[in-house]
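**Q** below: sequence and its predicted model.
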Protein chains: 2
Amino acid sequence: MKNFMEPESVALIGISRKTGPESYNIMENMINCGYSGKIFPVNPNADEILGKKAFSNVTEIGEKIDLAVITTPRDNTVSVIQDCAAAGIKSVIIINQGFSDADNRGRELQEEIVRIAKRNGIRIIGPNTIGIVNNFAGFMASFFSLKKRKTPVGLICQSGIFFVANESLCETVGKAVDLGNTCDIGFYEVLDYFWRDPEIKIIAIHVEGLEQGRKFLDLARKVVKEKPVVVFKTGSSEIGAEASKTHTGTIAGDYQIFKAALKQQGITFLDSGNQIKCAIKVLLNLPSMKGNRIAILTYSGAAGIMAVDVMESYGLILSSLSPETIDRVKALSPDWMPIGNPVDIWPATMTKGVDKVYPRALKAVLDDPEVDGVICISYAYLSEPLKRITEEKTEKPVVAWLYGDKNGEVAAEMEEKARILVYPDIETAVLALSLLKDRQSIIGKK
Amino acid sequence: MKNFMEPESVALIGISRKTGPESYNIMENMINCGYSGKIFPVNPNADEILGKKAFSNVTEIGEKIDLAVITTPRDNTVSVIQDCAAAGIKSVIIINQGFSDADNRGRELQEEIVRIAKRNGIRIIGPNTIGIVNNFAGFMASFFSLKKRKTPVGLICQSGIFFVANESLCETVGKAVDLGNTCDIGFYEVLDYFWRDPEIKIIAIHVEGLEQGRKFLDLARKVVKEKPVVVFKTGSSEIGAEASKTHTGTIAGDYQIFKAALKQQGITFLDSGNQIKCAIKVLLNLPSMKGNRIAILTYSGAAGIMAVDVMESYGLILSSLSPETIDRVKALSPDWMPIGNPVDIWPATMTKGVDKVYPRALKAVLDDPEVDGVICISYAYLSEPLKRITEEKTEKPVVAWLYGDKNGEVAAEMEEKARILVYPDIETAVLALSLLKDRQSIIGKK
């Protein structure tokens, strides 16, 4: 995998002379991301591409090449792989579509390519991939750019959507591999690589069909003790699974069996693409949760009930707050106010002011031995005190749901200043805590 | 209801002299929203509040008063209601908490208030309410401000969260009533009012416990033929229902029975608070959908599969595209590309460019008699052509899921220019179409 993730020299076979927007030029992206290794463009119709001498064939380069990235049309790919073999190249990414994802001819071409590669000790990622990104090494072989952040998240996927939808779908990632049709290199090898990679703390996987299932599961069981592994699978429905055949050409398999097998290994298995971002964020930033007893602090009674309604299906329960905690909150509230859990702090806030009430109430529930984690529900404009708390409190996770105007901006500020993660809705906030509870049960077994 | 929604004169009993941020001063909000009627502050400790003469008792005003808004502590409320009766006031909002939402003493006070009101022909909204807003009449009696948009959405709720979380939870609303503990006026009367209100096109309801159930359901069955009624209920879980008792003091009842009864009347019943915004937006802006056969256009194969996976549980199916449609998309795509539904237009886009492909492919599926609605999945930066289409096409709904950088901004532009509604994730986009299908089955029965 090192040749793929940190190559010192790259041949770009079939690279276009077109650059700029909508040209999807890998060489341009590679240069823009600050790649410091050698780049050899291969294009028989060009003398020079982006200031670098172009070769008409990869065999003419005459230098050691760690990685070849092939973007030629499918019918040329067999001969290009033969050229790579002749040039002594051992690592190849085949970007283009039109192989096992397409028709019979495509499947035959892919099989032929694999035969040649095996015979010559060549390893392949793809075909039908958007490429690879390694922000830690300043390397990118992708026809779409990813944000250049060194987030300790390793992404393995079978679709470019997880690259281009990056922050809207799966949180910023530091290293990413799109495996495409997985004609050779598959999930097992990249998982193993990210497991041993000290720069990666969490591994996110989008899978359509899994080859080497047993091997992968055995490895995953070891990996999750050290690093959370988050998996989302497309093709969960019968028709969706059918559609997978013309997407990556893999067999999706029975979803429920797949899910059960992965969960058994301690993998964080997600049923919705929306949840990937939440899962990565919370597993990366908050401590695991020792139990499932939750305290809810809220300005709104109805919002507290919304949280309770959702918690049930995620295996979380309302903590029975200790008498000391109840007394501490009662002292802040009007006499007539019955204090329970959810802890409605609105009447207290109306009489004593937000600055006094929220920090004290939060401290009270965090001090309570009956509480494992806390959900704060707050109007964005009244969230200032939340920024000043939990600095020193790290052993119990706190998540928040902020509503009202500018909740996005306030959330960003809050996450920067406090050890609270903020979610735009209560379902996601509850999901986040439930993942920390699951995580504890994995680490506990260590 | 007219006295509550468009009063010509309002007495504010117990109104505070404190103004500015965190004072929650209803009079200040009322003035700021541009209310043009008469305002009479009642506060024995003030001579003047916000430039208006203050009275020590409502009985001293000596003018006709359409509405009294009471914010005195709970123990004073009984005598204040007696004063209102003496002053000939027939409509009252009681803002404060501490009644049936609190303890036995609170319940007794509330019962006493209701007795006095009944005897004197006084109607009450509340107690325990954030108030009322009517942006069409420039009137607001609420201690939190709502956005002042004249959206044709009428909101009835039992919690201030739907006011203050407005745009993050339920889309902008033009008129809103928080019923609080519903000691007198309940859902039936406000539903009836919004039904007859020509300024309101859709009615959104948050309910915790429903009194007058049979009457409400009979009315709702008539209302939904003309205006969609969207309902979200808190207290769906057993513990959540228990918590409702100390929130609004109402009995939440069995959730599944409640849900079934409402759905049977043709009400759009939502299981998640997250869905309210989506439901209002789509029912307000798109035509109902004649059938459940969906075409999916996508740049990403995996994203198309994600859509299919979600559709199944919402009762939508993949359309079997007609041969003409397939041919029209084939003509745009490379030879090897198998065309089906989801329609993967990435290979076509790579060869022919985004401007040519997306509009033609969308036109092809919209022309197809086998298609009832369309989901467009698109990278935000490649969505420009989507803005230029469906201007003239209104009979089939089109929704989009945009991903990638700045998808929020591009979505806002797109919704302004094209007749496409944009959602930040595929689940919500699919839900939106399913609501339009449900809507058709209600209108069809008319």
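**A** Alright, I've got the coordinates.

**Q** so who does residue A:286 touch?
**A** A:397, A:398, A:399, A:419, A:421, A:432, A:436 (Cβ atoms under 8 Å, 6 or more residues apart in numbering or on different chains). (C-beta placed from N, C-alpha, C; glycine too.)

**Q** just those: which are in strands?
**A** A:398, A:399, A:421 (DSSP state E).

**Q** hey, where'd the helices end up in the stretch 51-200 of chain A?
**A** Assigned by DSSP state H, counting those that start in this stretch, the stretch 51-200 of chain A shows helices spanning A:74-86, A:104-119, A:161-164, A:166-169, A:187-196.

**Q** no wait, the stretch 201-350 of chain A
**A** A:213-226, A:238-244, A:255-264, A:275-285, A:301-311, A:323-330, A:346-352.

**Q** which among the ones in strands among the contacts of residue A:286 gets closest to chain B?
**A** Of all these, chain B sits closest to residue A:399, with 15.9 Å by Cβ to the nearest Cβ.

**Q** OK, contacts around the residue of the stretch 251-400 of chain A found nearest chain B?
**A** For the stretch 251-400 of chain A, the residue closest to chain B is residue A:302, as judged by Cβ to the nearest Cβ, at 3.1 Å. Neighbour list for residue A:302: B:157, B:158, B:159, B:160, B:161, B:162, B:206, B:208, B:234, B:247 [criterion: Cβ under 8 Å, 6+ apart].

**Q** 6 Å instead, please
**A** By Cβ atoms under 6 Å, 6 or more residues apart in numbering or on different chains, residue A:302 lies in contact with B:159, B:161, B:234.

**Q** same thing with residue A:354?
**A** A:382, A:385 are the contacts of residue A:354 under Cβ under 6 Å, 6+ apart.

**Q** ok, the helix or strand bottoming out on mean pLDDT in chain A near chain B or not?
**A** Across the helices and strands of chain A, mean pLDDT, DSSP states H and E gives its lowest value to helix A:166-169, namely a mean of 79. Yes: Helix A:166-169 is in contact with chain B by Cβ under 6 Å from any Cβ of the partner chain, via A:168, A:169.

**Q** can you list contacts of that helix?
**A** With Cβ under 6 Å, 6+ apart as the criterion, helix A:166-169 contacts A:146, B:403, B:407.

**Q** redo that, cut-off 7 Å
**A** A:146-147, A:161-162, A:172-173, A:273, A:276-277, B:403-405, B:407, B:424 (Cβ atoms under 7 Å, 6 or more residues apart in numbering or on different chains).

**Q** nearest to residue A:93, of the contacts of residue A:302?
**A** Here the nearest of the contacts of residue A:302 to residue A:93, counting by Cβ to Cβ, is residue B:161; it sits at 50.2 Å.

**Q** so for the closest one, what's the pLDDT?
**A** pLDDT recorded at residue B:161 is 88.

**Q** what do you get for residue A:398?
**A** Confidence score, pLDDT, at residue A:398: 94.

**Q** that one pairs with what?
**A** residue A:374 (DSSP bridges).

**Q** okay, it and residue B:39: tell me how far apart.
**A** Here the criterion is Cβ to Cβ, to the nearest Å. By it, residue A:398 lies 43 Å from residue B:39.

**Q** between the two, who's got more neighbours?
**A** residue A:398 (24 against 20; other Cβ atoms under 10 Å in any protein chain shown).

**Q** what sits against the more buried one?
**A** Applying Cβ under 7 Å, 6+ apart, the residues near residue A:398 are A:374, A:376, A:390, A:419, A:420.

**Q** just among those residues, which is most surrounded?
**A** Result: residue A:376 is most packed of the contacts of residue A:398 (other Cβ under 10 Å), 29 neighbours.

**Q** OK, contacts around the nearest residue to residue A:130 once chain neighbours are set aside?
**A** In space, and not counting its chain neighbours, residue A:130 is closest to residue A:160: 3.4 Å by Cβ to Cβ, 6 or more residues apart in numbering or on different chains. By Cβ under 7 Å, 6+ apart, the contact set of residue A:160 is A:130, A:144, A:178, B:300.

**Q** columns pLDDT, distance to residue A:260 and neighbour count on top of the residues you listed, output as CSV?
**A** Output for these, formatted as CSV (pLDDT from 0 to 100; distance: Cβ to Cβ, whole Å; neighbours: other Cβ atoms under 10 Å in any protein chain shown):
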residue, pLDDT, distance to residue A:260, neighbour count
A:130, 94, 30, 27
A:144, 87, 34, 19
A:178, 97, 27, 26
B:300, 91, 28, 25
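
**Q** looking at those, spot the one nearest residue A:25.
**A** Distances from residue A:25 to the contacts of residue A:160, taken by Cβ to Cβ, are shortest for residue A:144, at 10.8 Å.

**Q** residues near the closest residue to that closest one other than its chain neighbours, how many?
**A** Nearest residue to residue A:144, sequence neighbours excluded (Cβ to Cβ, 6+ apart): residue A:164, at 4.9 Å. Residue neighbour count, defined by other Cβ under 10 Å, stands at 25 for residue A:164.

**Q** residue A:164 contacts residue B:404, doesn't it?
**A** Yes: at 5.0 Å, residue A:164 and residue B:404 qualify as touching, with contact defined as Cβ atoms under 7 Å.

**Q** who does the residue nearest the centre of chain A bridge with?
**A** Centroid-nearest residue in chain A, with Cα atoms, centre = their mean: residue A:204, separated by 4.0 Å. In this entry, residue A:204 is beta-bridged to residue A:155, residue A:230, by DSSP bridges.

**Q** quick one: contacts for it?
**A** Counting by Cβ under 7 Å, 6+ apart, residue A:204 has contacts A:153, A:155, A:170, A:173, A:230, A:276, A:280.

**Q** mind pulling the model confidence for the fifth one?
**A** Here the pLDDT value assigned to residue A:230 is 97.

**Q** burial check on it, number of neighbours?
**A** Neighbours of residue A:230 (other Cβ under 10 Å): 25.

**Q** isn't it up against residue A:279?
**A** Yes: using Cβ under 7 Å, residue A:230 is in contact with residue A:279, at 4.7 Å.

**Q** quick one on the thing from earlier: out of the helices of the stretch 201-350 of chain A, which one sits most buried?
**A** helix A:301-311 (a mean of 28; mean count of other Cβ atoms under 10 Å in any protein chain shown).

**Q** and the angle for it with helix B:255-264?
**A** Helix A:301-311 and helix B:255-264 are oriented at 110 degrees to each other (axes from the mean of the first three to the mean of the last three Cα atoms, to 10 degrees).

**Q** output helix A:301-311 as PDB, nothing but the C-alphas.
**A** C-alpha atoms of helix A:301-311 as PDB (Å, rounded to 0.1, in the frame of the first residue of the first chain):
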ATOM      1  CA  GLY A 301     -40.200  20.600  27.900                       C
ATOM      2  CA  ALA A 302     -41.400  19.300  24.500                       C
ATOM      3  CA  ALA A 303     -37.800  19.100  23.300                       C
ATOM      4  CA  GLY A 304     -36.900  17.000  26.300                       C
ATOM      5  CA  ILE A 305     -39.700  14.700  25.500                       C
ATOM      6  CA  MET A 306     -38.600  14.500  21.900                       C
ATOM      7  CA  ALA A 307     -35.200  13.300  23.200                       C
ATOM      8  CA  VAL A 308     -36.800  10.700  25.400                       C
ATOM      9  CA  ASP A 309     -38.900   9.400  22.600                       C
ATOM     10  CA  VAL A 310     -35.800   8.800  20.500                       C
ATOM     11  CA  MET A 311     -33.600   7.400  23.200                       C
END
